[in-house]
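S.K.: Structural data only, the sequence is not supplied:
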């Protein structure tokens, strides 16, 4: 995990120099490397560090929510999802957040958590998404593998935008050993 530690340290150095966008990019690389290596606690630690230093970042809030879901910390995930939704609204990205919440609902088998997601979808103006989430059966696995968590957390805003523009319904790869990211090809 030397690469992740180096990215994390580089983020610290760029942040100290006041180069926040570059610092956030380096921290993001550290999180991605940790997640791909299955070191989720380390990824969570970097997310929390970023949010202490730069609280308005949207993608990190989403990643942290996904990681909490993956760890089974649904009470904490509720807080993180709520913070993510607020940050996405402030940044003018409610539809990107709605895409992520619809994806979360597919992989969380707890009806109460899905109802919580549906309420936030309504808050984001996604009535159809909220209705689809509320209609989900309880057949969603209570145990979620890390494959969809890593897939969803690694999605970039650009990938989400392209999926929305093309009307693509995002889904994680089906094989647990395939962490390859879904990439929508540009037109």
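M.R.: Great, that's in hand. Small disclaimer: the values here were computed from a predicted structure and weren't measured.

S.K.: Skipping adjacent residues, who's closest to residue 42 in space?
M.R.: For residue 42, ignoring the flanking residues on the chain, the nearest one in space by CB to CB, 6 or more residues apart in numbering is residue 34 at 4.4 Å. Placement of C-beta: from N, CA and C, glycine included.

S.K.: Please apply the same query to residue 26.
M.R.: Residue 26 sits nearest to residue 11 (CB to CB, 6+ apart), 3.8 Å away.

S.K.: now do residue 161
M.R.: Using CB to CB, 6+ apart, the closest residue to residue 161 is residue 96 (6.9 Å).

S.K.: ok, back up a step: so what's the residue nearest to residue 26 up against?
M.R.: Contact analysis of residue 11 by CB atoms under 8 Å, 6 or more residues apart in numbering lists 23, 24, 25, 26, 27, 30, 50.

S.K.: Looking at those residues, which is nearest residue 112?
M.R.: residue 50 (28.8 Å; CB to CB).

S.K.: what's downstream of the particular helix or strand that has residue 43 in it, the next helix or strand?
M.R.: Assigned by DSSP states H and E, residue 43 belongs to helix 40-53. Using DSSP H and E, the next helix or strand after helix 40-53 towards the C-terminus is helix 58-71.
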